[in-house]
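Trainee: Please work out how this folds:
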Amino acid sequence: MTTLAALPTEQKKINCVWIGNGLINCQSAFNILSWISCGWTVTIYKHPAPTSADVSAIFHETARAAFDSPRVTAETLSVVSLSDALEVATPVMPSTRRLLRKWIEDMGIGYTSYAIGDLTKSYIAGTRTGIVLDLKIGPSPHVHKYPSQPFTDTFVSFSRAGAFSVENQCLGSLNIDRANEYGRLFDPSVSGLENASFDQQTNAEAVFGAITSKHQLAFSQMKAKGTDVKLKDSQTWEFFEIGRDKNSGPFRVYQKPGYFNWKQGEYLDKRKENLVLVADELKRDHGTAKNGRVPAVFKHDSEFYLEVLQPLAHEAYKDLKKSIEAIDTKIQEGGK
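Mentor: Next comes the predicted model:
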């Protein structure tokens, strides 16, 4: 059995999407650099495009020092302008491309940016090689030993803990034919989104759910050519995830099952619950002060972990604690 660790670095590609002018936080930076530590390359599809050639400029200032590591190069981490990527027509997904270009023009109206992010994930997964991951996803303890065959021969997605079907937080293939097959199955369904409205929360939530459903439908139509990597030999690849939930597979999701990013501002109690769980998990795995203990997934690259990843995990923990304190203040002032 060929493992993911045995694949060459140039074949192991992670694609991420970042929409908006906000900076990428320390927790997401930790996940990105974790993938690089594990021998993967990362490309971030960004809109608007960064004005600086320095990739670290799109990250929160407390994370930028981590990007001075010689392990972080133009080959291991790059940023691509999403609008530039959409300029070039692709053999598949013309309807999705056209809709994304329209939505980008309306960015800033209501909840449009979240919809752009969700739809872009399917577009990138259907037109390029690589696995599209939300920034909240890092490698699980099993990523090195996990079989490569689902990634190289099929299209993968992930149902994670608490989900009844695959979600669009993880999708893609290292095989362009499988990627394009998914794209051809997904593309016709976007006609139902052409008149989507984002001005009100309830309308926008319906769009987010619809995009996920379209991903699930396209994935189910792939039949034997699609793999839910949570379910493949699940007992072999089981591990404890956030909040001590059991999960399985090569991915680890730093987010409470059932919580959605686009509810952050409206549901402070749920946001706090999620942040507490993530902070506790970081503290459990990495402590809050420098020490010599290296989690198993990073032991092949202990120096990079101790010099870069562990300090970045500590910064992420501090940021999370500040966010939790800020939410407590809002709640005390009568917020939701």
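
Trainee: send the alpha carbons of the longest helix seen in the chain over as CSV?
Mentor: In the chain, taking DSSP state H as the definition, the longest helix is helix 310-332. Written as CSV, here are the backbone C-alpha positions of helix 310-332 (Å, rounded to 0.1, in the frame of the first residue of the first chain):
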residue,chain,number,x,y,z
GLN,A,310,4.6,25.3,18.6
PRO,A,311,5.1,29.1,19.1
LEU,A,312,2.4,29.7,16.4
ALA,A,313,0.0,27.4,18.3
HIS,A,314,0.7,29.5,21.4
GLU,A,315,-0.1,32.7,19.5
ALA,A,316,-3.3,31.1,18.3
TYR,A,317,-4.3,30.1,21.8
LYS,A,318,-3.8,33.7,23.0
ASP,A,319,-5.8,35.1,20.2
LEU,A,320,-8.6,32.7,20.9
LYS,A,321,-8.6,33.6,24.6
LYS,A,322,-8.9,37.3,23.7
SER,A,323,-11.8,36.6,21.4
ILE,A,324,-13.6,34.6,24.1
GLU,A,325,-13.1,37.5,26.6
ALA,A,326,-14.5,40.0,24.0
ILE,A,327,-17.6,37.8,23.5
ASP,A,328,-18.1,37.6,27.3
THR,A,329,-18.1,41.4,27.4
LYS,A,330,-20.7,41.6,24.5
ILE,A,331,-22.9,39.0,26.2
GLN,A,332,-22.7,41.0,29.5
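
Trainee: helices or strands up against that helix?
Mentor: For helix 310-332, the elements it packs on are helix 26-37, helix 268-286, judged by 3 or more C-beta pairs under 8 Å, 6 or more residues apart in numbering; DSSP states H and E. For glycine as for every other residue, the C-beta is placed from the backbone atoms N, C-alpha and C.

Trainee: could you give the angle of the longest one to helix 26-37?
Mentor: Counting by axes from the mean of the first three to the mean of the last three C-alpha atoms, to 10 degrees, helix 268-286 points 40 degrees away from the direction of helix 26-37.

Trainee: Helix 310-332 and helix 268-286, what's the angle between them?
Mentor: Angle between the axes of helix 268-286 and helix 310-332 is 160 degrees (criterion: the same axes, to 10 degrees).

Trainee: just the shortest one next, same as before
Mentor: Here helix 26-37 runs at an angle of 160 degrees relative to helix 310-332 (the same axes, to 10 degrees).

Trainee: Pretty sure Leu206 sits in a helix.
Mentor: That one is not Leu; residue 206 is Ala. Yes. Assigned with DSSP: H, G, I helix; E, B strand; the rest coil, Ala206 falls within a helix.

Trainee: Could you report the separation of His314 from Pro141?
Mentor: For His314, the distance to Pro141 equals 20 Å [C-beta to C-beta, to the nearest Å].

Trainee: Would you convert the helices and strands packed on helix 310-332 into a markdown table that also reports mean neighbour count, mean pLDDT and distance to Ser113?
Mentor: A markdown table is the format used below for these (neighbours: other C-beta atoms under 10 Å; pLDDT from 0 to 100; distance: least, C-beta to C-beta, whole Å):
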| stretch | mean neighbour count | mean pLDDT | distance to Ser113 |
| --- | --- | --- | --- |
| helix 26-37 | 25 | 98 | 16 |
| helix 268-286 | 18 | 93 | 18 |
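
Trainee: Out of those, flag the one nearest Val308.
Mentor: Closest approach to Val308 among those (C-beta to C-beta): helix 26-37, 6.3 Å.
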